[in-house]
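*Asks:* how would this look folded up:
(2 chains)
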Amino acid sequence: MSCCMRDAVALEGRGIPTVILVNDVFKPIAEATRVLLGLPADYLEKNIVWLPHPTSNKSKDVLDSLIDERIDEIRAKLTGKTVAASNGHAPSRTATTKLDAPQTGGSDQALAAARAAIEGLVASLRADGAHLVLDAIDGGVLHGTLRVGDAVCEDGSCIMPAPQLARMVEALVRPVLADVETVEIRES
Amino acid sequence: MSFAVYDPRGVPSPSASPLAKRPPKLAGLRIGVLDNGKEQADVLLSRAAQLLKEDGVTAHFDAKPSFSRVAPSEVIERLSNYDIAITGLGG
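*Replies:* Residues are numbered from 1 along each chain as shown, chains lettered A, B, ... in the order given. Take a look at the predicted model:
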């Protein structure tokens, strides 16, 4: 998902308007990537067309129908027009938990808040066969563990590398946790 | 007396990435279709291209070797020759 967005941004930078089809399970990764790449707040709404996850196990007729239902949205986003999301509802916010103000205080509470902030990202990773667990906050460092289980790709290369994932977690956690200065994720 | 306190750490703020200007209409445009290689991404993208053809859009298909990596520079260069683009994945 992150790579698709980076490809789209590369094309946009060359003057090529680009729309991305994305399975909705990847919304948290899309939002984290948006923040990391410095994209506008409305980038996801204007450039991404969401599809219900999963799509890999659907028949061609079902997949064709999914696109048929969204073609007006695709057209609109290629030409910069405003259109409601194809599910009939306004584009939903990402599943990132936001607190009213950055939290400080007890490490258990802070760790719980961090876990809540990345809940959607964890679900996205799980869809690719990886498991991310935040273990502790120690001296301003948020520690986590990434375990690759049955990855959807044979060699596990589809799973985002831990350093890149740490940056994504940082982008999601730092706005809600004042005590977190950096994120370290180890692969197990 | 009150005063504002600013957090010196801030948050990551990479330089903003520019977005391309959108065309007013689709008729006559060429669209680059970038398949990321995930299962059935080609089916979804092909259907979109088929429907856009009815709008007068000509599709040019391309692909990248791995969905877990950004597209090679030569693929981006090829797609840059078109007017608009669509890419995607599945899962």
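
*Asks:* any idea how far A:Val169 is from B:Arg22?
*Replies:* 33 Å (CB to CB, to the nearest Å). All C-beta spots, glycine's among them, are computed from the backbone N, C-alpha and C.

*Asks:* the more surrounded of these two?
*Replies:* A:Val169 (26 against 14; other CB atoms under 10 Å in any protein chain shown).

*Asks:* which positions in the helix or strand hosting that one come out as buried?
*Replies:* Assigned by DSSP states H and E, A:Val169 falls within helix A:162-173. Buried residues in helix A:162-173, defined by neighbour count with 16 or more other CB atoms under 10 Å in any protein chain shown: A:Ala162, A:Leu165, A:Ala166, A:Arg167, A:Met168, A:Val169, A:Glu170, A:Ala171, A:Leu172, A:Val173.

*Asks:* of those, list those near chain B.
*Replies:* A:Arg167, A:Glu170, A:Ala171 (CB under 8 Å from any CB of the partner chain).

*Asks:* and of those, the nearest to A:Val25?
*Replies:* Distances from those to A:Val25 were compared by CB to CB; the smallest belongs to A:Ala171, at 18.7 Å.

*Asks:* in which helix or strand would I find the most centrally placed residue in chain A?
*Replies:* Note on chain A: the residue nearest the mean C-alpha position is A:Ile29, at 1.2 Å, using CA atoms, centre = their mean. Counting by DSSP H and E, the element that carries A:Ile29 is helix A:27-37.

*Asks:* flag every buried residue along that helix.
*Replies:* So, applying 16+ other CB under 10 Å, buried residues of helix A:27-37: A:Lys27, A:Pro28, A:Ile29, A:Ala30, A:Glu31, A:Ala32, A:Thr33, A:Arg34, A:Val35, A:Leu36, A:Leu37.

*Asks:* how about stretch A:112-130?
*Replies:* Quick answer for stretch A:112-130 (16+ other CB under 10 Å): A:113-115, A:117-118, A:120-125, A:127-130.

*Asks:* the top helix by length along chain B: which residues count as buried?
*Replies:* Scanning chain B for the longest helix, with DSSP state H as the assignment, gives helix B:41-53. Under the neighbour-count criterion of 16+ other CB under 10 Å, helix B:41-53 has B:Ala41, B:Asp42, B:Val43, B:Leu44, B:Leu45, B:Ser46, B:Arg47, B:Ala48, B:Ala49, B:Leu51, B:Leu52 buried.

*Asks:* now stretch B:22-32
*Replies:* Neighbour count says stretch B:22-32 has B:Leu26, B:Leu29, B:Ile31, B:Gly32 buried, by 16+ other CB under 10 Å.

*Asks:* spatially nearest residue to the second one (excluding sequence neighbours)?
*Replies:* The spatial neighbour of B:Leu29 that comes closest, neighbours along the chain excluded (CB to CB, 6 or more residues apart in numbering or on different chains), is B:Asp83 at 4.2 Å.

*Asks:* tell me if I'm right that that neighbour and A:Thr18 touch.
*Replies:* No - with contact defined as CB atoms under 8 Å, B:Asp83 does not count as touching A:Thr18 (10.8 Å).

*Asks:* looking at the two, which is more packed in?
*Replies:* The residue with more neighbours, out of B:Asp83 and A:Thr18, is A:Thr18; 26 against 18, by other CB under 10 Å.

*Asks:* how much space separates the more buried one from chain B?
*Replies:* From A:Thr18 over to chain B the distance is 4 Å, taken as CB to the nearest CB, to the nearest Å.

*Asks:* dump the residue contacts of that residue.
*Replies:* Residues near A:Thr18 by CB atoms under 8 Å, 6 or more residues apart in numbering or on different chains: A:Asp7, A:Ala8, A:Leu11, A:Glu12, A:Asn47, B:Ala20, B:Ile84, B:Ala85, B:Ile86, B:Thr87.

*Asks:* try 10 Å
*Replies:* Shown in contact with A:Thr18 (CB atoms under 10 Å, 6 or more residues apart in numbering or on different chains): A:4-5, A:7-12, A:47, A:77-78, B:19-20, B:31-32, B:34, B:79, B:84-87.
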